[in-house]
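>>> Here is my input; please provide its structure:
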Amino acid sequence: MAETPFRPLNVIAGADPATPVTSVKFDPHHELVWAANENGYISSYYGAGLQRYSSFKAHKGPVRQMMVLDRGIVSIGKDSIHLSNRRGLASWNLIDDSAQDLHSMALMGNAEIVVAGQQDKILSINMIRGIVTKKVETDSEIVVMKKSRLLVCGSTRGDLILHDPRSMAVEHRIQAHTGTISDLDVSGNLIVTCGFSERQGTLIIDPLVKVYDMRTMRSLAPIPFPNGPSFLKMHPKLSTTVCIASQTGQFQMCDVGNLTSGIQFYQINTASYVNCFDISYSGEMVALGDATNVVHMWGDKQEPQMNHFSNPIDAPTMPVPPTVAVGDNDPLSSIGMPYYTEQLLSAWPAKTIFPVGRKPQPIPSVILDNMKMIDFVGYAPNPGLRLRNQAPSLPKVNLRDTPKFRSEQQKELYFGKRKGSMAVAQDQDDTDVDLATGIVPKYYKRVEIKYSKFGVEDFDFGFYNKTQFGGLETHIANSYCNALLQVLFFTPLLRTLAKAHIGQACPRENCLTCELGFLFRMLEDANGQNCQARNFLRAFSTIPQASALGLFEPDEPDSKTMYSSLIQNFNRFVLEQLHQECSLDRASAATGLNAPSATSPIQRVFGMKTANTNICGHCGLEEERITYPFVLDLMWPKPPAPTNAHQSSKNHHHHKAKEQQHPMSFADVLKASIWRESHNRVWCTQCQQYQPTTSRKSLQDLPLVLSINTAINSKEQPTVSSGMFLDDHGKGADWLPLRFSLGVDDKNVQVFESGAAEAGDFPLNAEYELTAVVSQVQTIGDVAHLVSHIKVISDNDPEITEQSPWYIFNDFLVKNVQEGEISQFPNSWKIPSILYYTKINNGPPPMIAETPEGPDTSILHMDLSISKYRDPNYMFYQLLRPEEIKPEEKMLIAIDTEFVALSREETEIRSDGTKSLLRPPRMSLARVSVLRGDEGPLEYVPFIDDYIATSEPVVDYLTEYSGIQPGDLDPGLSKHTLVPLKVAYKRLRVLVDMGCIFVGHGLRQDFRIINILVPPEQVKDTVDIFHIKNRQRKISLRFLVWYLLHQDIQSETHNSIEDARTALALYKKYLELKENGLFQEVLEDIYNEGRKNNWKPIPGQFPPPWPRTSTPVMVNNGPGGGAIFQTLSRPATPATPGTPSASVGSVPAVMGPSSTGGIVGVGAANASGGSIVMTAPASLQLPLGMSVHQQQLQQQQMHHHQQQQMFLQQQQQQQQWSQQQQQQQHGYAYPMGGQPPQQQQPPPHMYQQQRPFPPS
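Numbering: from 1, shown residues only. Predicted structure coming up:
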């Protein structure tokens, strides 16, 4: 508790003493105090001198509460909520029918507040848009409200009501006072209240301040305040200290945990009563407003501050001083200069030259690694990298080795910049690279994605990849796996296996084999585009064994992080995991049981049949056990252990010199790793005790692909520091053979680097060829990263045949390299981690798995959901029927998706005040909707509308942009069709493989977050269609629909079905305009109209229509938008016995001009085979020559008339359907891979154009 006594500082006196101050509040960001009065005016005063800063009117009546935020001042009146900035400029003013008598508000998040009062509803308000987003019924009249862990409300009945902030459900209710509560505050788990008590039918001020513990919901010792407490504020710096004030002007500071300490009362000089009270965020000042329009300021210091770190306020614009006219003929001396006593810097001679030394060449790392220090002098043996008495010239350095953003490149092209200003691409430099110089080539260095204000799509990935192979992006958790994933992709047997696996019905949600197959399909279709392994890495991060083995990348890696060890452990883990998953699939297919012992294709490809034999040295018992390891770890020789420090240094140099003279060859190391023999004490089952035992490992079968972990985990390892990979001159030797042959018999293993002929005498022999190397690259002081060298062999592609078959994959950098770089490791900046050798077969490759001829479309016919409470009223789709899929025809489909944010964006503020994007927010797919686009009775009808379940915490549902509410993605709460991400992804993968044409708006971003690659010829993006190439502006979907279809969409929230429908209608409008030769003219007019209206649609006002075509008419269903009229329903429900058969099978399909000049609505056939033709009455038909506004009004009236005609029929059909559902009760959630039961379809009007998006 503050020990310094408070004293009066200053007062703020209003102009009208008859206008009471109703609210006072300190600003948490600026040195401002805010005061509001009974007439609705809000004023601010700056600094200790309380100079008036701003004043504005916010409400017609009294301001009942204020809340000062970073974005501005939020205030509430009796029936309105107002937000304005600190200068008084209003952002929005909300007047809602539900806001009848407001008294209090509380901040719920960054962009949401709740308001309540003496009314039956609590309102949730979005502060960005100024709209009511939620209304919650309440049975209490709330007069004060504060937010802590729970939302604490005080009512007029004296109740403390604690709400859950997310669901607004009442968690607890406490009777604090018998009368109304006048004020309360919260701090941590403490709640303090003051109010009135009812005695003999009269309300009197309760003299006690009640204290409650939120954890136990019990009252603590109350605080006595004889003068009657009316206002409470918890101290912002002392969590248990409360400041209590009365209406008579007395206030005190009191510690809740120590009521016996000295308490000092303070009395302000007022002639009336106090209306409001507040304490500054520094705790050094208090403010009390009374009924005479006076604010009393008190402080406990001589120069108190409202905040410890206040931001400067926006000062008014100062008048520009008059300019001094200086002509060309006026002498410069007439202006005058200040006096100076020293010579000016500008007085140097014009021809003075200042020599600048050239930057010295970096010392090779092989010298630095072997350098010894004596005091401040370092010395090292000469590695012989340079010729005597000669200094080689430094290579020319390109000043710009990073690309410009795409937007900047377009600007340069638009303004006529020359090609020479562009950066040199990665495949055009470093053509002659000598790794022995110690200089790390550019394409070996770590690559980073840079973000502009346009996001990752503005980054030029093509600068780093000029090949036909796809690279993998970084900035994803555990993206260090990219190097090995590329190696697995270019392993043909494994690629065939993974692609065959995704054609099966796999029940596992996080199956690495499935995700690997999906990733391989993307890389096959990449054609040089960048891809992401996001879905695979997400599934990998959910496996508990991976976390237990420490395979996850640290959040903030440093120079000590050894990625070589991580990738080797991941190599072993991923092959074991794939083996287990494939074994379960083969066992289930064969016997229907999960038998992990079943042989898997992974075992046939990578498995090394090894006999582990133990021979007891006492009794001679020999035990043998067969294993199939997938990875071979190299066994390196150990240096001899020294006896003392001097001997240590001597032995080290001797051992190092010996290794450099006679280094071990790769054949020696591989032989020692395959044929192992050790002696240790092992339990003998025959002797029943531990005995000296000889353990031997011998190879009995050779794998098709030999995966080798080099077991090099640090630079200090003797294999690296001793220069084993160097030749006699210190240069990089070809230590790693490109081919070797292996011969095995019962007692020996031989490795021949020369050829396969020498191994032909062994009963078990094979020849292997190096196909991939994963290496760790690290320069001094930098974080290490991984690159892979892969040999790509293709007999069909002439480009690959003419060049070197070796490519380097450095995340999203892909480059063709020479074969000599692969086997050289001249310096410690490049360390080999994983080697892949492939068995050379003269015959055809073995059949590991059968790849299906075409995509399996059965998943498109399954109604799958994991939601426990799926509601048929929220099912807005009709599944595809098998007869709708025609392999010879490419379906036209419309797609749109919604996303949620799993993490927020990371930004930094530069010194010049600009904001730079470091990492964009991590998004996750939340909903995907796919509609039929081909002409027919089901045109515009969705056949996929899946919500995606997520187990990761969601930081922002982006409700105002996605329409996703909390609980929609939870299987235990959602009423929608909820599926795992794998199910939704597999459906989209099938549609891509079927060759479907995808129509949508902004599909590039959608496909990126979905993590699927669709060939460009299968994408019709209306963002690109309605775009002029030399213009930077990309037109929004809302503006295009407003201009072309005369419809206002997305007025309240986004809906994927509505957006997909409108995008499809825009595409068909484009085809018609193109056919009529009007497209370019219309597009130019769209840009002109957009610039005129600042690219914002004008509600209710539409531009003049272009010549009428057969495009489906968009009908405006009043405020809030509408839907495409050509939206058909599901098939009509079959008539049951005893019910009329005259049910409407579908709603009006097309509106078009009639022969008499009017407009008629034509319906599709009903269940009985007839059709319903609804012609508007003569009063509603549209004669030619009417104005556009009159036609729109007439169309709305006619549409309303048609809906009234169909209402009774739809009501009857709804009742029939409900009765049938009560008789046939069955669930809506089916197991993955199961067939849905035959259920009645709901009546058409439940999901067609009367309700274009799900109800809120």
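>>> For stretch 52-70, C-alpha coordinates in CSV please.
These are the backbone C-alpha positions of stretch 52-70, laid out as CSV (Å, rounded to 0.1, in the frame of the first residue of the first chain):
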residue,chain,number,x,y,z
ARG,A,52,-7.7,20.9,-22.7
TYR,A,53,-6.8,18.6,-25.6
SER,A,54,-10.1,17.7,-27.3
SER,A,55,-13.8,17.8,-26.7
PHE,A,56,-16.7,16.3,-28.7
LYS,A,57,-20.3,15.2,-28.3
ALA,A,58,-20.8,11.4,-28.3
HIS,A,59,-24.4,10.9,-27.0
LYS,A,60,-27.7,12.8,-26.8
GLY,A,61,-28.0,12.1,-23.1
PRO,A,62,-25.6,11.4,-20.2
VAL,A,63,-22.5,9.4,-20.7
ARG,A,64,-22.8,6.5,-18.3
GLN,A,65,-19.4,4.8,-18.8
MET,A,66,-16.2,5.3,-20.7
MET,A,67,-13.4,2.9,-21.6
VAL,A,68,-10.1,4.2,-23.0
LEU,A,69,-8.4,1.7,-25.4
ASP,A,70,-5.6,1.9,-27.9
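>>> and the longest strand for this protein?
In the chain, taking DSSP state E as the definition, the longest strand is strand 764-777.
>>> Given that one, what are its sheet partners and their directions?
strand 739-744 (antiparallel), strand 785-791 (antiparallel), strand 830-839 (antiparallel) (DSSP bridges).
>>> Determine the three-state secondary structure at the residue lying farthest from the centre of the chain.
Ranking residues of the chain by C-alpha distance from their mean position (CA atoms, centre = their mean) puts residue 619 at the top, at 64.2 Å. Secondary structure, DSSP: H, G, I helix; E, B strand; the rest coil: residue 619 is coil.
>>> if we can go back for a sec, right, so of the strands paired with strand 764-777, which gets closest to residue 189?
The minimum distance between residue 189 and the strands paired with strand 764-777 falls on strand 785-791, with 46.9 Å, by CB to CB. Where C-beta positions appear, they are placed from N, C-alpha and C, glycine not excepted.
>>> That closest one: which residues count as buried?
Buried positions in strand 785-791, judged by neighbour count with 16 or more other CB atoms under 10 Å: 785-791.
>>> from those, which is closest to residue 601?
residue 790 (21.3 Å).
>>> mind listing what the closest one touches?
486-487, 490, 771-772, 806-807, 809 (CB atoms under 8 Å, 6 or more residues apart in numbering).
>>> from these, which single one is nearest residue 1057?
Once CB to CB is applied, the member of the contacts of residue 790 that ends up nearest residue 1057 is residue 486, at 38.3 Å.
>>> Pull up the per-residue confidence for the closest one.
Here, the pLDDT recorded for residue 486 equals 93.
>>> residues in contact with the nearest residue to it once chain neighbours are set aside?
Ranked by CB to CB, 6 or more residues apart in numbering and with sequence neighbours excluded, the top spatial neighbour of residue 486 is residue 809, at 4.5 Å. By CB under 8 Å, 6+ apart, residue 809 lies in contact with 469, 471-472, 482-483, 486, 787-790.
>>> Please convert those to JSON lines, extending it with distance to residue 706.
What follows is these, written out as JSON lines (distance: CB to CB, whole Å):
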{"residue": "469", "distance to residue 706": "24"}
{"residue": "471", "distance to residue 706": "26"}
{"residue": "472", "distance to residue 706": "24"}
{"residue": "482", "distance to residue 706": "22"}
{"residue": "483", "distance to residue 706": "18"}
{"residue": "486", "distance to residue 706": "18"}
{"residue": "787", "distance to residue 706": "21"}
{"residue": "788", "distance to residue 706": "16"}
{"residue": "789", "distance to residue 706": "16"}
{"residue": "790", "distance to residue 706": "15"}
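>>> between those, which is closest to residue 1061?
Relative to residue 1061, the closest of the contacts of residue 809 is residue 472; by CB to CB it sits at 35.1 Å.
>>> any idea how far residue 993 is from the closest one?
21 Å (CB to CB, to the nearest Å).
>>> Between the two, which is the more surrounded one?
Legend: neighbour count by other CB atoms under 10 Å for residue 472 and residue 993, higher for residue 472 (28 against 17).
>>> Please tell me how far the more buried one sits from residue 810.
As judged by CB to CB, residue 472 and residue 810 stand 10 Å apart.
>>> same question, residue 868
For residue 868, the distance to residue 810 - CB to CB - is 47 Å.
>>> of those two, who's got more company?
Neighbour comparison, residue 868 and residue 810: the larger count goes to residue 810, with 28 against 15 (by other CB under 10 Å).
>>> how about that one, what does it touch?
The contact partners of residue 810, by CB under 8 Å, 6+ apart, come to 443-447, 785, 787.
>>> hey, what's it bridged with?
residue 813.
>>> From residue 787, how far out is it?
As judged by CB to CB, residue 810 and residue 787 stand 4 Å apart.
>>> what do these two both touch?
residue 444.
>>> Next, give phi and psi for the spatially most central residue of the chain.
Residue closest to the mean C-alpha point of the chain, counted by CA atoms, centre = their mean, is residue 922 at 1.4 Å. The phi and psi values for residue 922, taken as degrees, to the nearest 10, are phi -90, psi 120.
>>> Equivalent analysis for the one 3 residues further on, please.
The phi/psi pair for residue 925 (degrees, to the nearest 10) reads phi -70, psi 130.
>>> tell me, how many neighbours does it end up with?
Residue 925: 23 neighbours (other CB under 10 Å).
>>> Also residue 869?
When neighbours are defined as other CB under 10 Å, residue 869 has 13 of them.
>>> Show me where the stretch 351-500 of the chain has its helices.
365-369, 406-414, 482-489, 492-501 (DSSP state H, counting those that start in this stretch).
>>> just so I know, which of these lies nearest residue 142?
Nearest of the helices of the stretch 351-500 of the chain (CB to CB): helix 406-414, 50.3 Å.
>>> Would you enumerate the residues in contact with the spatially closest residue to the residue nearest to the centre of the chain that is not a sequence neighbour?
Sequence neighbours aside, residue 903 is the residue nearest to residue 922 in space, at 4.2 Å (criterion: CB to CB, 6+ apart). Contacts for residue 903 were tallied using CB under 8 Å, 6+ apart; they are 921-922, 955.
>>> Looking at the residues you listed, which one is closest to residue 69?
Nearest member of those to residue 69, counting by CB to CB, is residue 955, at 19.7 Å.
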